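**Q** Provided below for reference: sequence and predicted model.
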Amino acid sequence: MKPDGAYIHIDRASKKFATRSGEQVLALSEVNLSIDKGKFITLVGPSGCGKSTLLRIIGGLLSRSSGRVSIGGEEIDAPTDGVGMVFQSPVLLPWRTVLDNVTIAADLGRANRDLVNERALRFLKMVGLSGFENKYPGELSGGMQQRVGITRALVHDPDVLLMDEPFAALDALTRDRLQVELQALWMASQKTVIFVTHSIQEAVFLADRVVVLAPRPGRVVDDIAIDLPRPRTLEMVNSKVFGDYSNAVRRHFDAEETVQ
Ligand code: ADP
Ligand code: MG
């Protein structure tokens, strides 16, 4: 572990993509970020600023062009079991039940099936899906499907949860509820979470720190500590201090790049 004691270290991470026309896109430029264990970080910024690229690099799903990334002192170069990912669309297999979708990695030989089943049932209960274990994805609402995706990531008890706009496709009421539920889950589990969103409200509501990214090239332009008590409630969203935090994030985006 590095001297500052942080758990996740991102040290001058850059990513260049080659486009089909042969040009190079600098998707991320020299990103530095240190994250303490157990913290909830949100990454916010307009579409195309490199949020998913950064998250996939942290998760070991994408190689970086330069720089270093480490979690708990281990250099990240490939996906590891200690890191769970949740995507915008949960990509459930329609022919498998909820339980079988959640435990899919056990079938791929990566874990003990009984243990995983037991944990799956416990987490499905925590996210309010008790009684739906034997249903198929097509029988669930979008919010319920997303809960299945979150459970699938939690079932292997990763220390780190990387979430890429997991609630973006949901209606506003479901999204509000899931934000509150995710906060409760995180408070109970002490995981380190990096959560990508383009919603300023969602970013402020969930975060200990909001990290603001700007595009062309993707880079960190601000890092705002959110000093609101927990558990946060939806009523807090209307408070002056919440508005002040939202404005501190919003001022980074001009009208053309306005995020929600
Ligand atoms: P965000 O998640 O913030 O919307 P992304 O990380 O998806 O942004 O993309 C950042 C930039 O990198 C964009 O300009 C995007 O077009 C480019 N990009 C992402 N993935 C690829 C890829 N596989 N090939 C080429 N360019 C890419
Ligand atoms: Mg993205």
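**A** Here it is on my side, so go on. Ligands and ions are numbered 1, 2, ... in the order given.
**Q** how far away is the one residue sitting closest to the centre of the chain from ligand 1?
**A** Nearest to the geometric centre of the chain sits residue 163, at 1.8 Å (CA atoms, centre = their mean). Note on residue 163: its distance to ligand 1, by CB to the nearest ligand atom, to the nearest Å, is 12 Å. For every residue, glycine as well, the C-beta is placed using N, CA and C.
**Q** Check residue 91 too.
**A** To ligand 1, residue 91 is 17 Å away according to CB to the nearest ligand atom.
**Q** Please apply the same query to residue 226.
**A** 21 Å.
**Q** you'd agree that residue is up against residue 202?
**A** No - Residue 226 is beyond contact range of residue 202, at 11.9 Å (criterion: CB atoms under 8 Å).
**Q** pretty sure residue 98 contacts residue 138?
**A** No - the pair residue 98 / residue 138 is not scored as a contact, 11.0 Å apart, by CB under 8 Å.
**Q** Next, count neighbours for residue 189.
**A** Here the count is done by other CB atoms under 10 Å, and residue 189 has 16 residues near it.
**Q** Contact partners for it?
**A** The contact partners of residue 189, by CB atoms under 8 Å, 6 or more residues apart in numbering, come to residue 154.
**Q** What segments of the stretch 101-250 of the chain are helices?
**A** Using DSSP state H, counting those that start in this stretch, the helices of the stretch 101-250 of the chain run over residues 104-107, 113-126, 142-154, 172-189, 200-206, 240-250.
**Q** re earlier: bridged to the residue nearest to the centre of the chain, which residues?
**A** Residue 163 has the following beta-bridge partners by DSSP bridges: residue 86, residue 195.
**Q** Now for it: which residues touch it?
**A** When the contact criterion is CB under 8 Å, 6+ apart, the partners of residue 163 are 85, 86, 150, 193, 194, 195, 196.
**Q** One more: residue 48?
**A** Counted by CB under 8 Å, 6+ apart, residue 48 has contacts residue 215.
**Q** how near is residue 75 to residue 9?
**A** Distance of residue 75 to residue 9, given as CB to CB, to the nearest Å: 10 Å.
**Q** Could you name every residue contacting both of those two?
**A** Common neighbours of residue 75 and residue 9 (CB under 8 Å, 6+ apart) are 68, 69.
**Q** Comparing those two, which residue is more hemmed in?
**A** Taking other CB under 10 Å, residue 75 and residue 9 do not tie; residue 9 has more neighbours (21 against 10).
**Q** which SS class is the more buried one?
**A** Secondary structure, DSSP: H, G, I helix; E, B strand; the rest coil: residue 9 is strand.
**Q** secondary structure class for the spatially closest residue to it that is not a sequence neighbour?
**A** Leaving out its chain neighbours, the residue that sits closest to residue 9 by CB to CB, 6 or more residues apart in numbering is residue 70, at 4.8 Å. Put simply, residue 70 is strand when judged by three-state DSSP.
**Q** for residue 70, what are its contacts?
**A** Contacts for residue 70 (CB under 8 Å, 6+ apart) come out as 2, 8, 9, 11, 76.
**Q** Could you identify the buried members of the residues you listed?
**A** Restricting these to buried positions leaves 8, 9, 76, with burial counted as 16 or more other CB atoms under 10 Å.
**Q** ok, the residues you listed vs residue 236, which is closest?
**A** residue 8 (27.1 Å; CB to CB).
**Q** That closest one is in contact with residue 162, isn't it?
**A** No - using CB under 8 Å, residue 8 is not in contact with residue 162; the gap is 10.1 Å.
**Q** Give me the common contacts of those two.
**A** Joint contacts of residue 8 and residue 162 (CB under 8 Å, 6+ apart) are 58, 194.
**Q** Could you list the contact residues of the stretch 51-200 of the chain toward ligand 2?
**A** By CB under 5 Å from the ion, the residues of the stretch 51-200 of the chain that approach ligand 2 are 51, 52.
**Q** from the stretch 51-200 of the chain, which residue is nearest to ligand 2?
**A** Distances between the stretch 51-200 of the chain and ligand 2 by CB to the ion are smallest at residue 52, namely 3.2 Å.
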